[in-house]
Every structure is written in structure tokens, then in C-alpha cells.
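> what's the 3D shape of this:
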Amino acid sequence: VQLVESGGGLVQPGGSLRLSCAASGFTFSTYYMTWVRQAPGKGLEWVSDINSSGGATYYADSAQGRFTISRDNAKNTLYLEMNSLEPTDTALYYCESRRVGLPDYWGQGTQVNDSS
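Numbers count the residues shown, from 1 in each chain. The predicted model follows:
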């Protein structure tokens, strides 16, 4: 099982980034997927969820209206489109796969940094 995040980088306030999470080794299309982040010196913060089909999405207040979670089950890939980025969005972003009764899987994270 592997989750590999990518797409992080240095971004100016107001800028955009698209994070990806490539999944392998499990039936991606049957798993609920989550983005979680960890800012420097802080704990884990839930960002967004998407159900297995992609038909239902959920966002933290901090992400609502600025971030869009999506998935392509044919490509086994999860995405997070982030717009209007703020300095407080600086964090290590992780994707997580979840399915009731089975272990959760985590990626290694991709870093998003504010350039200001």
C-alpha cells in the first residue's frame, strides 16, 4: 500500500497550488479519502474529506470556499485544489485513506510554504 503526495511548493499569498495523492496497492475507489495538514509546531488539522465515489465532499471552515477536493478513481489519484492561499496555509499536507473495519493509510506528505 502506498500513498504519494506531490504538488507542494513555495507560493505567494493569494496564489494557487494543486496537490495530488497517487494511491497504489489497494482498491482506491472503495476508500474514503481525507486531506490533513500539520503546520509548524502545531497538531494535525483536518482539511477536507471526499467519499469513495467523489459525490460527497466536506471541508473545514478554514478551507471552505478556497479549496476543492476531488478524485479520479480511474487514475487512483486524489487532488486538492487550493486557491487564495494564505500564510496560515503553510503546512505539511497529508492524504489519508479510510475504510470502516480496515487500517488507515497515510502518505509521507507534501510541504506547502508561504513565500512572504
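> can we go C-alpha only for contacts and neighbour counts from here?
Fine.
> any idea of the mean pLDDT for stretch 16-36?
In this model, stretch 16-36 has a mean pLDDT of 97.
> Show me which positions of it end up buried.
16-23, 28-29, 31-36 (16 or more other C-alpha atoms under 10 Å).
> Between its first and last residues, how far does that stretch reach?
Counting by C-alpha to C-alpha, to the nearest Å, you get 18 Å between the two ends of stretch 16-36.
> Need the contact partners of that stretch.
For stretch 16-36, contacts defined as C-alpha atoms under 8 Å, 6 or more residues apart in numbering pick out 1-9, 11, 44-53, 73, 76-85, 93-99, 107, 110.
> Which ones among those residues lie within strands?
2-6, 9, 11, 44-50, 77-82, 93-98, 110 (DSSP state E).
> May I have the predicted confidence score for S116?
We have a pLDDT of 74 for S116.
> Need the nearest residue in space to it, chain neighbours excluded.
Nearest residue to S116, sequence neighbours excluded (C-alpha to C-alpha, 6 or more residues apart in numbering): Q12, at 6.2 Å.
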